[in-house]
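J.: Quick one, fold the following:
(one chain, ligands or ions: 2)
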Amino acid sequence: MSFSNLNEKQQEAVNKLDGPILILAGAGSGKTSTMTHRIAHMVESGIDPYRILAVTFTNKAANEMRERVEGLIGSTGGMWIMTFHAMCLRILHMNADRIGYNSNFVIYDTSDQKTLVKKIEKELGISDKEYKPQMLLSVISRCKEKAMGPEEYREVSPESARSKAVYMVYSEYDKRLKENNAMDFDDLLLNCMKLFEADEEVLVKYQQRFRYIMVDEYQDTNHIQYRLVSMLAEEHHNICVVGDDDQCIYQWRGADIRNILDFEKDFPEAQVIRLEQNYRSVGNILAAAHSVIRNNRSRKRKELWTTKEDGEKIRYSRLESDKEEASYIARQIGWLARDGREYSDFAILYRTNAQSRLFEEALSMQGIPYQVLSGMRYYDRKEIKDVMAYMRLVVNPADDLSLLRVINEPKRGVGAKTQDKIAAFARVRQQSMFEALSDPDGEVLETLPGKAFDKVKEMVECITLCRQERENLDVSDIFDELLVKTGYLKSLENDKTLESESRIENLMEFKSVIADYEKSTENSSIDEFMAQLALAAEVDNYDDGQASCTMMTMHSAKGLEFPVVFMPGMEDGLFPGSRAFDDPASMEEERRLCYVGMTRAEELLFLTSAELRMRYGRTDYTRESQFLKEIDSTLMTGDAVYQPRKGTSLGVPTGSRDGYAQKPYKPFDAMKYARMDTHKKSQGASVDLAQGDRVFHKKFGEGLVIESAGSIVTVAFDSVGIKKLARDVAPLEKL
Ligand code: ATP
Ligand code: MG
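T.: Ligands and ions are numbered 1, 2, ... in the order given. This is a model prediction of the structure:
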C-alpha cells in the first residue's frame, strides 16, 4: 500500500510506528483517517494484529473505524478496536478473580442501581424522599469518575448531613456490589484501573500484548481513561493519540482537556504532528467555523486551510416561529432532494433532544424519511408515554395497559404482586382495573397496603375528577392537574439529575403540543386531542434500510460528516444554553460544540433561528445566538424575509428583525417554571366563592355563581349557560 493519497504530514504519522505521537489537529483534517491508515500500515509491515489496540468513545465510532480498517486490509484479525468500556469489560472478564470478583460478574444497569440504593437507604434508616436514590447515584458516579472511594469522599467533603448520608450509602453500595459479584458502568473503568494498579503481573501481560496503542478523540478522555492508557503504554511508549482541543465537549462529564494539552509533558520524546489541511468542508464553512472558535480564550491557536473552493455562503434564516423553522428546513430538504441529493446527505443537528419533535412532524408531513440518532423519537420517550397513559385513563378508564404503565409511576409501593391482585379482583367484578379501583364501594382499593392505599387513592381521585370535569377544563389544565396531583412532576423535580431535568424539559415541551392543538380548534376536548395524538405518534418514517436524513444532537455528531447540515435554534438561551451566560467556562464549551456542529458540514451549512419559540408551553421572543454574531458576516447570506434595518446585529441581509425586538430577554429555567406552575395551580384551588359572585373562567368567560356547596360550584355563564364545576380544579377567578 503506498498511502500516496495521504498528505505529507499524514504519511509521517502513518510511517512512524514507534514512539509516542500526538496528532493535534482541527476538525476534518483526517485524524481518524490517519489512524486507520496507520493500523493498516502496521499490519502490512508484519506487526501481529493481536498486538494492536485502538480505542474510541462511542460504539458507532468504533464500528466505523473497524469498517474502515477492513476496507483497507480485509480483516482486523485479533486486533482490539473498541470503546473504553468494551475494552475494560474484556480485561475484567479475564482477570476478575484478581480483584475479588468471579469472572461471571454481572453488570448493574440504572434500574438495578436504584433498587439497590433504595434498599440500602431503608436499612440504614435514611429517607429516600430526602435523599433521592438518583441523586445519590449521580454523586457516587462523579466520585467514581475521579477514582474517589467513600473514605476519600468523606475526607474532602464538608461536614453536613448530606455528605454523611452520601458517605454511608456509598460505602454500603460498594460493599453490596462486591457481595453480589456485580459492577456498575463506572466500575468497569475504575476496576480495570485498580486491577492494573494492584497487579503488576496482569498489567505487564497487557503492556506486552498491546505494543501499539491508539486513542481517537483523546480530548474527551477523563481521568481514569487517561490513567488506563498511560499505564498500558508505560512499557513501550508506542502510543498515538489523536484529538482536537477545540472539540472537547464532555467536560461536564469529567473529560479533562489537559490530557491532550499535557501529552508532551507525559511523553517528553513525543512527536507532535499537526495536520493543517481540511478535506471535509468547503472554504466558507471552514472560515465561518474558525471565526466562531477564535473567540475562545483558552485554546491553542491553530487554523486549517483547504484547497476546496469557497462554495456557497452559510445560509442563515430567521424564521417567524419554531414551526416555520421546522417546515423551512423540511422544504429545503425536499427541494435539494428533488435536485438529486440523497436523503442520507442531510443532517439536522440540534442542541437539545426536545427540539426533535417539530422536525419529526415537518419531515413526516413532507414525506421525507428520517431517523433520530441516539435519542428517542419524541413520542417514544418514557415521560411522554407516561403522561399520555394518564391522559388516556381520563378518556378511557377501561384501559388496563395504561393503568399498569402508571400505577407505580411515580413509585407508590404497588409492586407486581399487588398489580396481579388488583387485576384478579377486577376480573371477578367484570370491571377494568381502574374502574375497580375507583368504585365508590372502595372494596378493591381497601385491599391495598397502607402506604399504597393513600397514594393510589390520590391518583384515582385525581383521574376521576379530571374525567368528570373534562368538558369544563382545557386540555392544558388537565395536563397540569395530572402532572401535579399524581406526584409525577414532583418526583422528577426531587431527582435533581441531568436526566430528570431533561425529562421535565420534554414534558414542558408537551405543553406546547397541547397549546398548538388548543389554538387550532374552537371546541377543544381531551377526547379529540388524544385521538389526534394517537395519529401523530403513529406516523413512523423510521426505516433503517432506507436512505433517510439524520437528526441528532450536536454531541452525538462528533467525528461524523454530512454533505448538508442544518443547525436550527441559533438563539441565546437555547444555544448557547442559558447556563453559559453565568459561567465563562461553560460558554467556551458551548462554543466548541458550535464548532463541532459547523465542521460536520461538507458542502452546505444552514443556520436558522426562530423569532418566536414555544418552550415549556409558552411562546417567547428570542434573541439571536451570540455565535451568529461571531461568524464573519461576509461569509453569510440570508433570506430577506423583512427589510433589514441598518445597524441590525448581524449586518447581513438576513431579514432579521432582531434590532426591533424590544421584549426584554430573560433566560429560561425549566425547573423554576415547573415549580411556578405547580404553585399557580394550588392557588387556584383556594378561591373563596359564594352565591352571587361574578367569576371569570378561562374557557367559558364571565358568569354568575348560583350555588356554591362543598366541592362543587354552579355557575351561570353569560355565553354557555349553567355549568357545574369542581371548585378545586376549575380555573375560576373571582371578579
Ligand atoms: P474530526 O475532527 O471531525 O473527527 P478527522 O480529523 O478525524 O475529523 P476524518 O474524518 O479522518 O477527519 O477525515 C475527514 C474527511 O477527509 C474524510 O472524508 C476523509 O476521507 C477525508 N480525508 C482525510 N485525509 C484525506 C486526504 N489526504 N486526501 C483526501 N481526503 C482526505
Ligand atoms: Mg475523527
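
J.: So, low pLDDT: which residues of this protein?
T.: The model of the chain has pLDDT under 70 over residues 1, 59, 104, 107, 109-112, 374-378, 498, 534-546, 639-687.

J.: For the helix or strand residue 189 falls within, list every residue counted as buried.
T.: When secondary structure is defined by DSSP states H and E, residue 189 falls within helix 185-198. In terms of neighbour count (16 or more other Cβ atoms under 10 Å), helix 185-198 has its buried residues at 185, 186, 187, 188, 189, 190, 191, 192, 193, 194, 195, 196. C-betas here are computed from N, CA, C, even on glycine.

J.: Over to stretch 55-75?
T.: 55-57, 60-62, 64-66, 68-69, 72-73.

J.: Let's have the residues you listed in TSV, adding secondary structure and distance to residue 416.
T.: What follows is those, written out as TSV (DSSP: H, G, I helix; E, B strand; the rest coil; distance: Cβ to Cβ, whole Å):
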residue	secondary structure	distance to residue 416
55	strand	41
56	strand	40
57	coil	37
60	helix	36
61	helix	39
62	helix	37
64	helix	41
65	helix	43
66	helix	41
68	helix	47
69	helix	47
72	helix	52
73	helix	52
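
J.: Adding distance to residue 180, write the residues you listed out as JSON lines.
T.: Conversion of those to JSON lines gives the following (distance: Cβ to Cβ, whole Å):
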{"residue": "55", "distance to residue 180": "29"}
{"residue": "56", "distance to residue 180": "31"}
{"residue": "57", "distance to residue 180": "29"}
{"residue": "60", "distance to residue 180": "32"}
{"residue": "61", "distance to residue 180": "32"}
{"residue": "62", "distance to residue 180": "29"}
{"residue": "64", "distance to residue 180": "36"}
{"residue": "65", "distance to residue 180": "35"}
{"residue": "66", "distance to residue 180": "34"}
{"residue": "68", "distance to residue 180": "40"}
{"residue": "69", "distance to residue 180": "38"}
{"residue": "72", "distance to residue 180": "44"}
{"residue": "73", "distance to residue 180": "43"}
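
J.: out of those residues, who's nearest residue 424?
T.: Comparing these against residue 424 with Cβ to Cβ places residue 60 closest, at 46.2 Å.

J.: Tell me how far the closest one lies from ligand 1.
T.: Shown here: residue 60 relative to ligand 1, a distance of 12 Å by Cβ to the nearest ligand atom, to the nearest Å.

J.: Residue 507 now?
T.: On the measure of Cβ to the nearest ligand atom, residue 507 and ligand 1 end up 34 Å apart.

J.: and that residue, what element?
T.: Per DSSP H and E: residue 507 is located in helix 498-520.

J.: what does that helix contact?
T.: When contacts are taken as Cβ atoms under 8 Å, 6 or more residues apart in numbering, the neighbours of helix 498-520 outside the stretch itself are 134, 138, 323, 352-354, 357, 378, 381-384, 387, 474-476, 479, 483, 489, 492-493, 524, 529, 532-533, 614-619, 670-671, 673-674.

J.: one more time with 6 Å
T.: Contacts of helix 498-520 with the rest of the structure, by Cβ atoms under 6 Å, 6 or more residues apart in numbering, involve 354, 381, 383, 475-476, 479, 492, 524, 529, 614, 616-617, 670, 674.

J.: Kindly report the same for stretch 234-245.
T.: Counting by Cβ under 6 Å, 6+ apart, 18-23, 26, 31, 35, 207, 211-219, 233, 257, 260, 299-300 sit against stretch 234-245.

J.: of those, list those near ligand 2.
T.: Of the entries in those, those that also sit close to ligand 2 under the rule Cβ under 5 Å from the ion are residue 31.

J.: are any of the contacts of stretch 234-245 buried, and which?
T.: Neighbour-count burial (16+ other Cβ under 10 Å) applied to the contacts of stretch 234-245 gives 20-23, 26, 31, 35, 207, 211-219, 233, 257, 260, 299.

J.: Out of those, list just those in helices.
T.: Assigned to helices by DSSP state H, the following of the buried ones among the contacts of stretch 234-245 qualify: 31, 35, 207, 233, 260.

J.: Quick check: the farthest pair among those?
T.: Spatially, the most separated pair among these is 31 and 207, at 25.2 Å (Cβ to Cβ).

J.: How about the contacts made by residue 497?
T.: When contacts are counted by Cβ under 6 Å, 6+ apart, residue 497 is found next to 134, 138.

J.: cool, residue 530 as well?
T.: By Cβ under 6 Å, 6+ apart, residue 530 lies in contact with 391, 395.

J.: Quick check: closest non-adjacent residue to residue 373.
T.: What sits nearest to residue 373 in space, not counting adjacent residues and going by Cβ to Cβ, 6 or more residues apart in numbering, is residue 552, at 3.8 Å.

J.: before we move on, what about residue 251?
T.: Closest residue to residue 251 in three dimensions, ignoring its sequence neighbours and counting by Cβ to Cβ, 6+ apart: residue 589, at 5.5 Å.

J.: give me phi/psi at that neighbour?
T.: The phi and psi values for residue 589, taken as degrees, to the nearest 10, are phi -70, psi -40.

J.: State which one residue of the stretch 201-350 of the chain is found closest to ligand 1.
T.: For the stretch 201-350 of the chain and ligand 1, the shortest gap (Cβ to the nearest ligand atom) falls at residue 279, measuring 3.3 Å.

J.: Helix, strand, or coil at that residue?
T.: Three-state call for residue 279 (DSSP: H, G, I helix; E, B strand; the rest coil): coil.

J.: Equivalent analysis for residue 602, please.
T.: What three-state DSSP gives for residue 602 is strand.

J.: For it, grab the count of nearby residues.
T.: With neighbours defined by other Cβ atoms under 10 Å, the count for residue 602 comes to 20.

J.: what about it, distance to residue 549?
T.: Going from residue 602 to residue 549 by Cβ to Cβ, to the nearest Å gives 14 Å.

J.: now swap in residue 224 and tell me
T.: Separation of residue 224 from residue 549 (Cβ to Cβ): 37 Å.

J.: neighbour count winner among these two?
T.: Neighbours were tallied for residue 224 and for residue 549 using other Cβ under 10 Å; the higher tally belongs to residue 549 (26 against 22).

J.: Make TSV out of the buried residues of helix 185-198 and add distance to residue 327.
T.: Conversion of the buried residues of helix 185-198 to TSV gives the following (distance: Cβ to Cβ, whole Å):
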residue	distance to residue 327
185	40
186	43
187	47
188	44
189	44
190	48
191	50
192	49
193	50
194	54
195	54
196	54
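
J.: Show me which of those is closest to ligand 1.
T.: Using Cβ to the nearest ligand atom, residue 189 is the member of those that lies nearest ligand 1, at 22.5 Å.

J.: Spit out the contact partners of residue 13.
T.: Residues in contact with residue 13 (Cβ under 6 Å, 6+ apart) are 21, 23, 34, 273.

J.: Surely it is within a helix?
T.: Yes - with the criterion set as three-state DSSP, the secondary structure at residue 13 is a helix.
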